[in-house]
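J.: Requesting a structural model of the entry that follows:
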Amino acid sequence: MSFFISDAWAEAAPAAAQGSPLASLIPLIILFAVFYFMLIRPQMKRAKEHRKLISELAKGDEVVTNGGLAGRLTKVGDNFVTMEVAEGVEVKMQKEAVTAVLPKGTLKEA
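T.: Now for the predicted structure:
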């Protein structure tokens with residue numbers, strides 16, 4: 001049976017052929033830099049802008065929620081807001097659900 005399989009003899013690679021350890025880290029560093037500038041940093045910027053928007057909410061602002069509901073704020077608390085979506089119809093929701101503040105008079109046009 002051994003005449004079908006040839007014997008393989010492995011030789012040890014010389015130590016000089018492996019290269020420097022820094023050269024193997026450079027692609028990893030480049031990959032991290034790309035992820036930081038393309039994904040992490042823009043996400044942090046959006047989160048900071050959203051926190052600022054939430055902190056500046058005031059009664060009477062016309063807003064849109066992350067579910068697409070548009071209305072005027074009637075009460076603003078620490079964690080919750082009450083939004084009038086139609087005449088006499090109010091909805092209480094978390095502040096974080098607000099995604100955008102609309103220009104004044106936008107809801108009158110619709």
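
J.: Strands of this protein, residue ranges please.
T.: Shown for the chain, the strands assigned by DSSP state E span residues 62-65, 70-76, 80-86, 89-94, 98-102.

J.: right, so these: which one is the most enclosed?
T.: Per-residue neighbour counts averaged over each of these give the maximum for strand 62-65, namely a mean of 19 (mean count of other CB atoms under 10 Å). Backbone N, C-alpha and C define where each C-beta goes, glycine included.

J.: What helices and strands are in contact with it?
T.: If you count contacts as 3 or more CB pairs under 8 Å, 6 or more residues apart in numbering; DSSP states H and E, strand 62-65 packs onto strand 70-76, strand 98-102.

J.: just to revisit the earlier point, among the strands of the chain, which is nearest S20?
T.: Nearest of those to S20, taken as CB to CB: strand 98-102 at 49.4 Å.

J.: same for the closest one, what does it pack against?
T.: Taking 3+ CB pairs under 8 Å, 6+ apart as the contact cut, strand 98-102 packs with helix 41-55, strand 62-65.

J.: Parallel or antiparallel, which strands does that strand pair with?
T.: strand 62-65 (antiparallel) (DSSP bridges).

J.: So which residues make contact with the partner strand?
T.: 57, 70-73, 83, 93, 97-107 (CB atoms under 8 Å, 6 or more residues apart in numbering).

J.: Just put the helices and strands packed on strand 98-102 in a markdown table and tack on distance to L22 and mean pLDDT.
T.: Below are these laid out as a markdown table (distance: least, CB to CB, whole Å; pLDDT from 0 to 100):
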| stretch | distance to L22 | mean pLDDT |
| --- | --- | --- |
| helix 41-55 | 26 | 96 |
| strand 62-65 | 50 | 96 |
